[in-house]
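Peer 1: next input, structure requested:
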Amino acid sequence: MPGKPITDQQVRSYMKDRHRYSQCAAAARAGFSERTARRIDTDPRLPSQRQPERGRTVPDPLEAVWETVLLPILQRDPAVQAVTLLRHLQMTDPDAFADDRVRRTVERRVRDWRALNGAARDVIFRQTSEPGRMALSDFTDTTELGVTIAGAPLPHRLYHFVLAYSGWEHAAVVTGGESFTALAENLQNALWSLGGVPGEHRTDSLSAAYRNLDAEAAKDVTVRYEGFSTHYGLLASRCNPGEAHENGSVESHNRHLKTALDQALILRGCRDFDDAADWRRFVDQLVARRNRRREDAVRLEATALRPLPARRATDFTEAVVRVTRTGGFLVHSVFYSAPSRLIGQRLRVHIYDDRIEAFLGATRVVSHPRRRGRPNGVRVHQVDYHHVIHALRRKPHALAGSVYRDGLFPRTEYAAAWSALSEALPRRDACRRMVELLWLAHDEACEAELALLIAGELADGRLPEARTLKPRLEPRRRSLPDDVPVALTELASFDALLEVRP
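Peer 2: Purely as a prediction, here's the structure:
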């Protein structure tokens, strides 16, 4: 048919039918004219074999400079960009290359040269996952989720643990950095939740755990991680620097997990949580739902996991501090309060990612949520008013000027009460009434109930006062029930414990 090129298949069909039919009939069966058939008989090559060489339709704008100017630069350093070569031409010959119309030509020429003459490129070797062989860990930033706690942004990241074969995962909210403490604590939680130990544990770069430490501290962290891996029988490995695809199994899971969290937050209708514990529960519940879809693969992989050791390894850093006369101690430039009876004592502090626990000997005496120091050097205070209220009641006027005054208030209602009292009353009276409110909350163990009463008083335009609010509190049960059964042991039963002597 005119204007429609014939194909190789049509020519093959014609050549086959030519042995049985006439030229006209074979051409008709193949779908072209008799004139085309005569041309094929004259030249039996297939149409694809008769395509003419496509030549250049316009002059080559780089003909005069490619071999002499551009190619030597490429050969000297193949990393040079095409646009850099174009700018070089524009500086050396402004009249010939005044504009960027030849930019695409330069880019294609450089691309083709690199494909034919450039250095060999890295190849990604996709791996076959084996049950129980490898687990991967990573920390991923969650800023894009926009999670807030009581209206305030929560700077944090997620620790993410993934089994390469089944995809079973564990995630935990980390409020600090990529430290050894965060890695060890959450990795152990993942292993004990899983109920077994894989053969190898891979991370992107454990140097993140001690990036900002000196050489001695970095060596200490490395030794501790090696001891941790030995305790669980894990082969510790890391990706090559700059090769994120080597940790691809967990990197892709990071993206999918954050997408799932984002969608779950959309369904929830709000990204604000009452406290960090609520956000942690939200993450745990979503991860549990995702793991339920992998139950069959997890059961298969569980048979290849090694058993857990008899106990957990150390997953905290330790510091020894002394409780000072100010009623607390310093850990990483953060002041933590302690009961006043501990003043002068040396405490051994276990530092976790989200909390600190202080011990006097083997007895835990103080526990606080962990705080981080500020970059500007301003001291951060974590104070429990129960620790200092006895001393503060003897010296109530110290409240106004205390460096950790704002940290003493356990709830926002107490801070609002201090603001109202300090504006309406003289300083001495405001301090006295505020300390009495704190003492009432401590002595009657009614912190939440008293906070509601304080909020009501402020809403009605009245200043809260302990002596008027105390009668409105629910009375504490101070008497024991009358019918407490007490079973007395028969004295004769102790005879069995006596050693029989002949």
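Peer 1: mind checking which helix or strand Pro131 is in?
Peer 2: Assigned by DSSP states H and E, Pro131 belongs to no helix or strand.
Peer 1: next secondary structure after the lengthiest helix in the chain?
Peer 2: When the chain is parsed with DSSP state H, its longest helix is helix 248-268. As assigned by DSSP H and E, the chain's next helix or strand after helix 248-268 is strand 272-273.
Peer 1: quick one: strands adjacent to that following strand?
Peer 2: The strands beside strand 272-273 in its sheet (DSSP bridges) come out as strand 148-149 (parallel).
Peer 1: mind giving me the domain split of the protein?
Peer 2: 8-49, 66-117, 134-302, 317-472 (automatic domain parsing).
Peer 1: just to revisit the earlier point, elements contacting the longest helix of the chain?
Peer 2: Secondary-structure packing of helix 248-268 (3 or more CB pairs under 8 Å, 6 or more residues apart in numbering; DSSP states H and E): strand 134-141, strand 157-163, strand 169-174, helix 276-292. Quick note: C-beta positions are derived from backbone N, CA and C, even for glycine.
Peer 1: how about the ones you listed in JSON lines, adding distance to Arg346, mean pLDDT and mean neighbour count?
Peer 2: JSON lines is the format used below for the helices and strands packed on helix 248-268 (distance: least, CB to CB, whole Å; pLDDT from 0 to 100; neighbours: other CB atoms under 10 Å):
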{"stretch": "strand 134-141", "distance to Arg346": "34", "mean pLDDT": "89", "mean neighbour count": "21"}
{"stretch": "strand 157-163", "distance to Arg346": "32", "mean pLDDT": "92", "mean neighbour count": "24"}
{"stretch": "strand 169-174", "distance to Arg346": "30", "mean pLDDT": "92", "mean neighbour count": "22"}
{"stretch": "helix 276-292", "distance to Arg346": "31", "mean pLDDT": "93", "mean neighbour count": "15"}
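Peer 1: tell me which of the ones you listed sits nearest to Val323.
Peer 2: Closest to Val323 of the helices and strands packed on helix 248-268 is helix 276-292 (CB to CB; 27.1 Å).
Peer 1: which stretches of the stretch 1-150 of the chain have low pLDDT?
Peer 2: In the predicted model of the stretch 1-150 of the chain, residues 1-3, 51-55, 125, 127 satisfy pLDDT under 70.
Peer 1: picking up where we left off before, using JSON lines, lay out the domains of the chain together with distance to Arg126.
Peer 2: JSON lines is the format used below for the domains of the chain (distance: least, CB to CB, whole Å):
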{"stretch": "domain 8-49", "distance to Arg126": "35"}
{"stretch": "domain 66-117", "distance to Arg126": "23"}
{"stretch": "domain 134-302", "distance to Arg126": "9"}
{"stretch": "domain 317-472", "distance to Arg126": "34"}
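Peer 1: among those domains, which is nearest Arg311?
Peer 2: Once those are compared by CB to CB, domain 134-302 is nearest, at 8.8 Å.
Peer 1: now find how far off-centre stretch 363-371 is within its chain.
Peer 2: Stretch 363-371 sits 25 Å away from the centroid of its parent chain (CA atoms, centre = their mean, to the nearest Å).
Peer 1: actually stretch 352-372, not the one I wrote
Peer 2: Put simply, stretch 352-372 sits 24 Å off its chain's centre (CA atoms, centre = their mean).
Peer 1: which positions in it come out as buried?
Peer 2: Under the neighbour-count criterion of 16 or more other CB atoms under 10 Å, stretch 352-372 has Tyr352, Asp353, Asp354, Ile356, Glu357, Ala358, Val365, Val366, His368, Arg370, Arg371 buried.
Peer 1: without its sequence neighbours, what residue ends up closest to the first one?
Peer 2: Spelled out, that is Tyr352. Phe316 (5.1 Å; CB to CB, 6 or more residues apart in numbering).
Peer 1: from the buried residues of stretch 352-372, which land in strands?
Peer 2: Using DSSP state E, the members of these that fall within strands are Ile356, Glu357, Ala358, Val365, Val366, His368.
Peer 1: just these now: which is nearest Val147?
Peer 2: Each of those was scored against Val147 by CB to CB, and His368 proved nearest at 22.8 Å.
Peer 1: show me the contacts for that closest one.
Peer 2: For His368, the contacting residues are Tyr336, Ser337, Arg355, Ile356, Gln382, Asp384, by CB atoms under 8 Å, 6 or more residues apart in numbering.
Peer 1: max pairwise distance over those: which two?
Peer 2: Between any two of the contacts of His368, the greatest separation by CB to CB is 14.4 Å, found for Ser337 and Arg355.
Peer 1: who's in contact with the closest residue to Glu457 other than its chain neighbours?
Peer 2: Nearest residue to Glu457 in three dimensions, chain neighbours excluded: Pro464, at 4.3 Å (CB to CB, 6+ apart). By CB under 8 Å, 6+ apart, the contact set of Pro464 is Ala417, Ala420, Leu421, Arg433, Leu437, Leu453, Ile454, Glu457, Leu458.
Peer 1: also Ala420?
Peer 2: The contact partners of Ala420, by CB under 8 Å, 6+ apart, come to Leu458, Leu463, Pro464.
Peer 1: hang on, the earlier thing: show me which of the buried residues of stretch 352-372 is closest to Gln23.
Peer 2: Nearest to Gln23 among these, with distances taken as CB to CB, is Asp353, at 87.2 Å.
Peer 1: pretty sure that closest one sits against Pro369.
Peer 2: No: the pair Asp353 and Pro369 does not pass the contact test of CB atoms under 8 Å, sitting 10.8 Å apart.
Peer 1: rewinding a little: among the contacts of Pro464, which ones are in strands?
Peer 2: Per DSSP E, the subset of those in strands is empty.
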